[in-house]
Each structure stands twice: as C-alpha cells, then as structure tokens.
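> below are the sequence and a predicted model for it; my questions follow.
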Amino acid sequence: MDTLFRKRPVRYPLIILSLLAVISIVVIVMKFPIIGAIYGVVIIVVLAIAFKAESEAYEQTEKHIELLSYRLKEVGEEALLEMPLGVLLINDNFQVEWANPFMKRVMQVDTLVGIDLLEISEELQALVKHADLNETTVTIKNRQYQTLYKRNEKLLYFFDITEQVEIEELYYDDRTVIGILFIDNYDDITENMDDQHKSQTNALVTSLVNRWGNAHDIYIKRISTDRFIAIMNESILQQLEKKKFAILDDIREETAQQSLPLTLSIGIGAGSPSLSELGELAQSSLDLVLGRGGDQVAIKQPDGKVKFYGGKTNPVEKRTRVRARVISHALRDLIQDSDQVFVMGHKMPDMDAIGAAIGVRKMADMNNINGYVVIDFDNIDNSTTRLMRVIKEKSDLFDKFLTPEQAMERMTEKSLLVIVDTHKPSMTIDERLLERTDKVVVIDHHRRGEEFVNRPMLVYMEPYASSTAELVTELLEYQPKNDKLTMLEATSLLAGIIVDTKSFTLRTGARTFEAASYLRTNGADTVLVQNLLKEDMDTYIMRSKIVETAEIYHKTIAIARGQGTKVYNSVLIAQTADILLSMQGISASFVVAHRADGRIGISARSLGDINVQLVMEELGGGGHLTNAASQLEADTIEEAMTRLKTAIDHVIEGSSE
C-alpha cells in the first residue's frame, strides 16, 4: 500500500465523490430500500468504471513520461557530444579536463585533456583571468568563435560565428562613402591662362583624377572647374588609407613637371547609412582640410572622429585683400551690434596672442564700442610681463585689461567675444566665457584641428599667414579711421609678428612685410620690441642645459629634454626647439619638458621635410607643418619621449609609403 501511494497520487476527487455517493445511497435506502439498492448498484458500477479509466490514463501518462525522459537523456547526450558547439571543462591551472568531440575536431587532435588553455588560443587569457569579463571573441584555426565562460563551473562554450562575422564585414565593407575633391589653387593658376592652356590644364587634372579612380574602382564625376565628387565603398577607402592617399603626391608631382603647382584637397564622409549625412560629412571634412591649408585628406565619421592624411607641404599663400576687406567689414558690423567686445587668446599668451588681442580691442574703439582684453596675469611669460609693465607705465590702456572673473561679471548676452591665436576652446584662457554669449568670432593662423569653437558667427582662419597679429593688422586697415593706432598698440602687433616669424626668417610672405610696414608707419618702435623680447642670463643658461641633452633620432631629428621634474615655461621650450633647428644637419627638433600645469609639454620645429604638425596631432596637439606643440598627460619624461618617438615613426613611415 505504501509503495502504491509513492507511485500514484491520491485521487481526491474520486474519493470525495465516492463518499458522497455512499452517503446518498444510505439516505435513499433508509427511505426507499428498493430504489436505494438499484441506485447503489449503478453508482458502484459508475465509480468502478471511473477508477479504471483514471488508472489506465495514469499508466499511459507514466509510460509517456518514462519514454520522454529516456529520449531527452539521449538527446542531451547527443547535443553535448555531436552538436556544432564547443564545450571545454578546465581546472584551476587553466588546463583542459574534458572536451566534447566538436572541440577535438576543431583542434584536429584526438584528445585535449591536459592541454593548456592558451595553446588553444592566447586570446582566452584575458577571458579567464579578468573577473569582469565573461564573453569574448577568439580566433581558432582561422575561424571566429564567440566564447562564453561560466566562471563558477570553469566551463567554456564556443559558438562558431565565422559566417556571421564575414557577413558583418561584407556589410561594413560595402557601405557607401562620399568624397569631394577640390583643386586648391586652380583659380590662381588658371587666372591669366589663355583658353588653350586652361583646356590643357583641365584635361591634365581630369586625366590624373580619373586614372586614380579607375585604378581603385571609384566613380568620379567632375561637378565644376575645381571640384569632383567621388563615390566608393568602405573597402576601397581602407585601401586608399593604406596607401596614404597617393593621389595627393601624384597630383603635386605631375603638375609640377608642367610648371603647374596644383595641389588637391579631399573631404570624405563615411560611417553612415544616410546619403545626405554622408554628403554633409564630406563637405564638413573638406572645409576642415581647407582650414588646415589644403593638400591633404580628412575622413569624418558621424561620431565626430576625424582622420587626416597628407599635409606634407607648406600651404601656398592664397588669401586676398578682398577677403581681408570683407572679413573686416563683417567684423565691424558685429562690433557695432554689440554692447561690449571682449578679446581672449590662449593660455600663457605669447606676444602674438597679446598683440592680436590689443589690435582687436582697438577695432572696438574705432567703432565707439568698449573693448577689453581678457588675461590671466598669473600665467604670462616674461616678454608679455614686460609689455604689460610698459603699458601700465605709459598709457591708460592697462585699464582695458580684465581678469577672467571680471570679464564674467561684465559680459552680457549682447557682448561679442573674439578668440585670437587659437580655435580650441580648451586652449583659451577661460572656457567659461564661451558659454556666456552666442556671439563668438575666431581669428587664427593655425591649421584647423578637430576641436573647434562651437558655432562661431565669423571665422577668419588663414594658415598661410605668419601670425595672428598679421591678420589683425590687415583687418585694422579697413576699419573706420577716426581713431588711429597708438605707438604701444602698433608695437605690440609688430612684436607678435616678429616673434612668430623669428625676426622675418620663417613663414614670411610679402603680406607679412606689408603689415610690418603699416605698423611702422603708425609708430611701431622696433627698439622697444627688442627690449620686450630680451631674456635674462638665467633663461639663457637653462636653455643651454636643455640643448646639452639633445639626442639624434632618424639621423636628422634632434630631441632634447628638460632636467628631471624641473618645470619650464612654454616659451623657453619653444625657443630651445628653435635653437636646435638652427644646428647643422638638423631637419626637425623636439623639446620635451615639464610644464607648470602638471603636464609635459612638447615643442616641435621643422624645416619642412618632416610635418611636425602631424606628429603633434598624434599626441593630441597641433600647429603648422614647421611649427607645432602638444601637452601630454604623462607621469615621466621617459614616457613622453617614448610616445613622441612612436609618433615620429608613424609619420615618417607614412610619408615614405
């Protein structure tokens, strides 16, 4: 009986029904014996049939469950041993204790027991040794496997996703990419050509571009005299990146043989399924390239990431007096529509930043608007300190200089903020000022980088100019003449030009001398400039000690370093790089030293053979082809030196391909 109840559940409904039937039979028999007897017999027969039917149903169910359990057990074993799913059981020493047949077939061995997990794939090391990682993708015998790790059971599952990965790669490789090709100096070159020579030039450029397109299966269509549109896919773009966009060198070299110094700029939009967004990204990339001087490629993704290629040559000067006049008039209108004008340069402002800021502030005076220069008096170099001392002693201009806190208090929504000698918000004296007004103007002579002021109302960026002071001087010539430059204002601007051109020896064009002549005409004092730029004996000795540490890298590159953790100002680091560049046999120089802000500064100079801007951009900085800088978040000089050499290697390897 006990065994029976263990096998079968208690049949409560039938038992209750039987009890009720017995009670009803007893009641009926007591009143109607005959009827009760007949009723009792019927009830007993019905209950007997019900009990029998229920027993048969239970037995059938039990047999079905037993059969199903047996089949499930067989299927489980079959799945574990035969399904295309890898299973590994490992021990505490990360050695295989058991493997299913699938993994043996994958590894093409008879047994995996005792084999170290890393012999299967070194990529598994991170999975089993990092507590936060439970899933990864590994490569085994040229196939991809998604691997899950059950840490408590020390169990690994391998799912073959090779086909899925191939489909994904095919999808990404086949995505559309749009490029816009622009001939940088086409108008300048063809301006004075007759129709025959112009036609020959067009044919030459079209032939070179189409030949490049045919070689890489790119659809190219000329849409104007100086523009082409290119349609390709991601796989083609990857091939072009591997070759560092050789079309740039081909155009430059083959047109130079025809005495036509043409260069090409390319803006590319990639990474989006939307054709309209790709077009916008391509145009934005081209604008970025042209802002950096042209002769290079920018590839922009929807997330804002940008990659640059090329930029090996100095930009050819192509700004015109007409553009300077148009910008000057536009700036005049913005100034007149403002209640105040605030001018701000970069952190640790040099003479170029201060001179340009003083010049823009003067424009506000010329338009009868109050103008102020924002400066952090605690973070300025020696030459700027001497200039501020002279300004304080000899004029009331000193009252127009404000600290960032004072500027924050005075600035209103109608105020105009002009950023000079930088276009990166993080490099400005106080980034908070950019948030106080929507009226922002950028005037800069550096090549444009990825970081840029958000939605400025006016941008005047000319990487062909020697300095921002030169650009501001040209703008001043088209402002109202009711208030002339003072001697100190003209001298400040001239000092900025002299500092950035190294006394008219670097990046100096005809327009540079014209600007200097205008400033001299307005009373700029060259003797005062020399006094402002003088240095003391201690600075000279510090610079000499850095020069002593110079080492030669790649035969013509000089790399010097500061002493230990000693802090140097950015001007001294830059001056040391200039001195190293003047040494015989040196084509590029880099100086690495600690800065007062806790970071490690790198100042870079070049004669043009090596693009130091590209080197510095790999380290988060920027600048010009021949003059650039960067600030690193590094613990030691040695770490910074290692990263610098790696960046130099990348640029040199890229330029040699």
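Received, thanks.

> what's the end-to-end length of stretch 480-496?
When the termini of stretch 480-496 are compared using CA to CA, to the nearest Å, they are 23 Å apart.

> run through who's touching it.
For stretch 480-496, the surrounding residues in contact (CB atoms under 8 Å, 6 or more residues apart in numbering) are 332, 350-356, 358-359, 362, 365-367, 383, 387, 390-391, 394-395, 397, 467-469, 472-473, 476, 515-516, 519-520, 522-526, 528-529, 532-533. All C-beta atoms are positioned from the backbone trio N, CA, C, and that covers glycine.

> show me what contacts the residue most central in space within the chain?
What sits nearest the mean C-alpha location of the chain, by CA atoms, centre = their mean, is Lys305, with 3.9 Å. Taking CB under 8 Å, 6+ apart, we find Lys305 in contact with Glu450.

> how close does it sit to Gln613?
From Lys305 across to Gln613, the span is 18 Å (CB to CB, to the nearest Å).

> before we move on, the earlier item: filter the contacts of stretch 480-496 down to just the ones in helices.
Judged by DSSP state H, those include 332, 351-356, 358-359, 362, 365-366, 383, 387, 390-391, 394, 468-469, 472-473, 476, 515-516, 519-520, 526, 528-529, 532 as members of helices.

> for stretch 569-581, the distance to its chain's centre please.
Relative to the chain's own centre, stretch 569-581 is displaced by 28 Å; criterion: CA atoms, centre = their mean, to the nearest Å.

> that older thread, buried subset of the contacts of stretch 480-496?
By neighbour count, with 16 or more other CB atoms under 10 Å, the contacts of stretch 480-496 hold 332, 350-356, 358-359, 362, 365-367, 383, 387, 390-391, 397, 467-469, 472-473, 476, 515-516, 519, 522, 524-525, 528-529, 532-533 as buried.

> and stretch 550-563, end to end?
Terminal residues of stretch 550-563 lie 12 Å apart, using CA to CA.

> Leu416 pairs with what?
Val341 (DSSP bridges).

> ok, now which ones touch it?
Leu334, Ile335, Asp337, Ser338, Gln340, Val341, Phe342, Thr437, Lys439, Val440, Val441 are the contacts of Leu416 under CB under 8 Å, 6+ apart.

> make a ChimeraX selection of the buried ones in those.
Applying 16+ other CB under 10 Å to the contacts of Leu416 leaves a buried subset, and the ChimeraX line that selects it is:
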select :334,335,338,340,341,342,437,439,440,441
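
> from the contacts of Leu416, pick the one nearest Arg222.
Arg222 lies nearest to Val441 out of the contacts of Leu416, by CB to CB, at 35.5 Å.

> what helix or strand is that closest one located in?
Assigned by DSSP states H and E, Val441 belongs to strand 440-444.

> please point out which parts of stretch 536-551 sit buried.
Thr539, Met542, Arg543, Ile546, Val547, Thr549, Ala550.

> next: stretch 173-186.
Val177, Ile178, Gly179, Ile180, Leu181, Phe182, Ile183, Asp184, Asn185, Tyr186.

> one step back: how big is the angle separating the strand holding Val441 from helix 468-476?
120 degrees (axes from the mean of the first three to the mean of the last three CA atoms, to 10 degrees).

> which strands and helices sit next to strand 440-444?
Strand 440-444 is packed against strand 416-420, strand 458-461, helix 468-476, with contacts defined by 3 or more CB pairs under 8 Å, 6 or more residues apart in numbering; DSSP states H and E.

> now do the same end-to-end measure for stretch 182-199.
End to end - CA to CA - stretch 182-199 spans 18 Å.

> same deal with stretch 93-108?
With CA to CA as the measure, stretch 93-108 spans 23 Å from end to end.

> which residues touch the closest residue to Glu477 other than its chain neighbours?
Excluding the flanking residues, the one nearest Glu477 by CB to CB, 6 or more residues apart in numbering is Tyr518, at 6.3 Å. By CB under 8 Å, 6+ apart, the contact list for Tyr518 reads Thr473, Leu476, Glu477.

> check Ala515 too.
Ala469, Glu470, Thr473, Glu474, Leu493, Ile497 are the contacts of Ala515 under CB under 8 Å, 6+ apart.

> for the residues you listed, which one is nearest Ala634?
Among the contacts of Ala515, and counting by CB to CB, the member closest to Ala634 is Ala469, at 32.2 Å.

> count of neighbours near the closest residue to that closest one other than its chain neighbours?
Excluding its sequence neighbours, the residue lying closest to Ala469 (CB to CB, 6+ apart) is Gly496, at 3.1 Å. Using other CB atoms under 10 Å, Gly496 is surrounded by 32 other residues.

> assign Gly496 to helix, strand or coil.
helix (DSSP: H, G, I helix; E, B strand; the rest coil).

> quick check, pLDDT for it.
Gly496 carries a pLDDT value of 92.

> again with the one 10 residues further on
As predicted, Leu506 sits at a pLDDT of 75.

> just the strands in the stretch 151-300 of the chain please.
155-160, 176-183, 219-224, 227-233, 264-269, 296-300 (DSSP state E, counting those that start in this stretch).

> can I get these in TSV including distance to Met461 and mean pLDDT?
Listed next are the strands of the stretch 151-300 of the chain as TSV, based on distance: least, CB to CB, whole Å; pLDDT from 0 to 100:
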stretch	distance to Met461	mean pLDDT
strand 155-160	52	90
strand 176-183	16	94
strand 219-224	23	93
strand 227-233	21	95
strand 264-269	15	93
strand 296-300	15	89
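
> okay, those strands in a markdown table with distance to Thr501 next?
A markdown table is the format used below for those (distance: least, CB to CB, whole Å):
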| stretch | distance to Thr501 |
| --- | --- |
| strand 155-160 | 64 |
| strand 176-183 | 29 |
| strand 219-224 | 36 |
| strand 227-233 | 34 |
| strand 264-269 | 26 |
| strand 296-300 | 24 |
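
> Glu253: which of the ones you listed is closest?
strand 264-269 (11.5 Å).

> ok, and what's touching the closest one?
Contact with strand 264-269 is made by 177-184, 209, 230, 237, 245, 247-248, 251-252, 277-290, 294-300, as judged by CB under 8 Å, 6+ apart.

> partners of it in the sheet?
Partners of strand 264-269, by DSSP bridges, with direction: strand 176-183 (antiparallel), strand 296-300 (parallel).

> give the contact list for the closest residue to Phe377 other than its chain neighbours.
Spatially, and ignoring its direct neighbours in sequence, Phe377 is nearest to Thr403 (6.9 Å; CB to CB, 6+ apart). Thr403 makes contact with Val374, Ile375, Asp376, Phe377 under the criterion CB under 8 Å, 6+ apart.

> list buried residues within those.
Neighbour counting by 16+ other CB under 10 Å classes Val374, Ile375 among the contacts of Thr403 as buried.

> lowest-confidence one in the contacts of Thr403?
Phe377 (88).

> and it, helix, strand or coil?
At Phe377, secondary structure determined by three-state DSSP is coil.

> gap between it and Ala364?
Separation of Phe377 from Ala364 (CB to CB): 21 Å.

> any chance you could map the helices in the stretch 101-250 of the chain?
For the stretch 101-250 of the chain, the helices defined by DSSP state H, counting those that start in this stretch occupy 101-107, 117-120, 124-129, 162-173, 186-190, 195-215, 234-242, 247-256.

> pLDDT (mean, whole number) over the fifth one?
Averaged over helix 186-190, pLDDT sits at 80.

> helices and strands around that helix, which ones?
By 3+ CB pairs under 8 Å, 6+ apart, helix 186-190 packs against helix 195-215.

> flag every buried residue along the helix it packs on.
Of the residues in helix 195-215, Lys198, Thr201, Asn202, Leu204, Val205, Leu208, Val209, Trp212, Gly213 count as buried by neighbour count, 16+ other CB under 10 Å.

> any idea how far the third one lies from Thr491?
Computed with CB to CB, the distance linking Asn202 and Thr491 is 49 Å.

> and what of the fourth one?
The span separating Leu204 from Thr491 equals 49 Å under the rule CB to CB.

> who touches stretch 633-648?
By CB under 8 Å, 6+ apart, the surrounding residues in contact with stretch 633-648 are 553-554, 557, 559, 561-562, 564, 590, 592-594, 599-600, 602, 610, 615-616, 618-619, 632.
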